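Asks: attaching a predicted model along with its sequence, questions to come.
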Amino acid sequence: NRHVFLCRSLFGFYCWYNSQEIKDYLENSVPFYQNGMVELIADEESSLATPTKSAYPGNYISHSGGTGTIGFNAYYNGKWGVVTNGHIAPSGKSMSCADGTLGTPTFSYIGGKVDVAFIPYPSGWTPTSALKQPNAEIIYREATDSEMIEGGLVTKYGNTTGKTRNGRILSTSVDVACNYGGSIGVKTIKDCFSYTNATENGDSGVPVGRGKVREVFRLLGINFAKGSDCGFGIKLSNIKSAYPMTVKTGY
């Protein structure tokens, strides 16, 4: 069996070896060694794992026609994946991120109270709550309804604008007529929230939450449009109402 073992040298370095390499070393280098003197037991949990891939909230997500930002990781319909805007991840489009190709959306919808898409992870990828790799901050938890208040502080992690903090919520419920162009045209998204954080092209889908210095990030929703002096977000509560899902948090 070619199990993999972690061995520590006398100098404190760790190296990975498979079982045949260890047997070859013992037989060729250890005086009086006979086959069977040493039993090798493989612990599957501690064996060398294939490096995992993840799609990080706040990092880019793209296809051949455009680029936006990953909002958060979630569990939906039996699979882990990422959530972004529907206009960023249209149905049938193969999406990619910093760690590689994700695949096509399970759903992509623009209308009512949402502009949202879900792209499942390929086999072997790992969900994460970490914000903007390699940032040490995480999506700690979902914000409560009581934290969606006018004047409340807002932090936003955008692919274009980066981390912007100490913004303020301007409105907790506003209908936004957004011109998507092309075959979609103008659609009005209802019950959005708006904030003062700088928002630019490429920030569509970014995680928006309550958070300031020495406070944990609590997810309010995802950005989807910008006004002349503000950004507009889709509420997490409206996304979960339309598509029941579990958000990957750092609890």
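Replies: Good, I have the coordinates.

Asks: can you map out the strands along the stretch 151-251 of the chain?
Replies: For the stretch 151-251 of the chain, the strands defined by DSSP state E, counting those that start in this stretch occupy 153-158, 162-179, 186-195, 207-210, 217-226, 231-235, 246-247.

Asks: distance from the fifth one to the middle of the chain?
Replies: Averaging C-alpha positions (C-alpha atoms, centre = their mean, to the nearest Å) puts strand 217-226 13 Å from its chain's average.

Asks: hey, C-alpha coordinates of it in PDB?
Replies: In PDB, the C-alpha atoms belonging to strand 217-226 read as follows (Å, rounded to 0.1, in the frame of the first residue of the first chain):
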ATOM      1  CA  PHE A 217     -18.100  41.000  10.200                       C
ATOM      2  CA  ARG A 218     -21.800  40.200  10.100                       C
ATOM      3  CA  LEU A 219     -23.200  39.600   6.600                       C
ATOM      4  CA  LEU A 220     -26.100  41.800   5.600                       C
ATOM      5  CA  GLY A 221     -26.200  41.000   1.900                       C
ATOM      6  CA  ILE A 222     -24.500  41.500  -1.400                       C
ATOM      7  CA  ASN A 223     -23.900  44.500  -3.600                       C
ATOM      8  CA  PHE A 224     -25.500  44.600  -7.000                       C
ATOM      9  CA  ALA A 225     -25.600  48.200  -8.300                       C
ATOM     10  CA  LYS A 226     -24.200  51.700  -7.700                       C
END
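
Asks: partners of it in the sheet?
Replies: Using DSSP bridges, the strands paired with strand 217-226 in its sheet are strand 139-142 (parallel), strand 207-210 (antiparallel), strand 231-235 (antiparallel).

Asks: how about it: buried residues?
Replies: 217-226 (16 or more other C-beta atoms under 10 Å). (Each C-beta comes from the backbone N, C-alpha and C, glycine too.)

Asks: nearest to G152, out of the strands paired with strand 217-226?
Replies: Ranking the strands paired with strand 217-226 by proximity to G152 (C-beta to C-beta) places strand 207-210 first, at 6.2 Å.

Asks: quick one, which of the strands paired with strand 217-226 is nearest to T249?
Replies: Taking the strands paired with strand 217-226 one by one with C-beta to C-beta, strand 139-142 is closest: 5.0 Å.

Asks: what mean pLDDT does the closest one have?
Replies: Across strand 139-142, the average pLDDT comes to 95.

Asks: so how far is it from its chain's centroid?
Replies: On C-alpha atoms, centre = their mean, the centre of strand 139-142 falls 12 Å from that of its chain.

Asks: show me the contact partners of it.
Replies: 57, 72, 129, 131, 207, 209, 216-219, 236, 247-251 (C-beta atoms under 8 Å, 6 or more residues apart in numbering).

Asks: show the buried residues in those residues.
Replies: For the contacts of strand 139-142, a neighbour count by 16+ other C-beta under 10 Å gives the buried set as 57, 72, 129, 131, 207, 209, 217-219, 236, 247-249.
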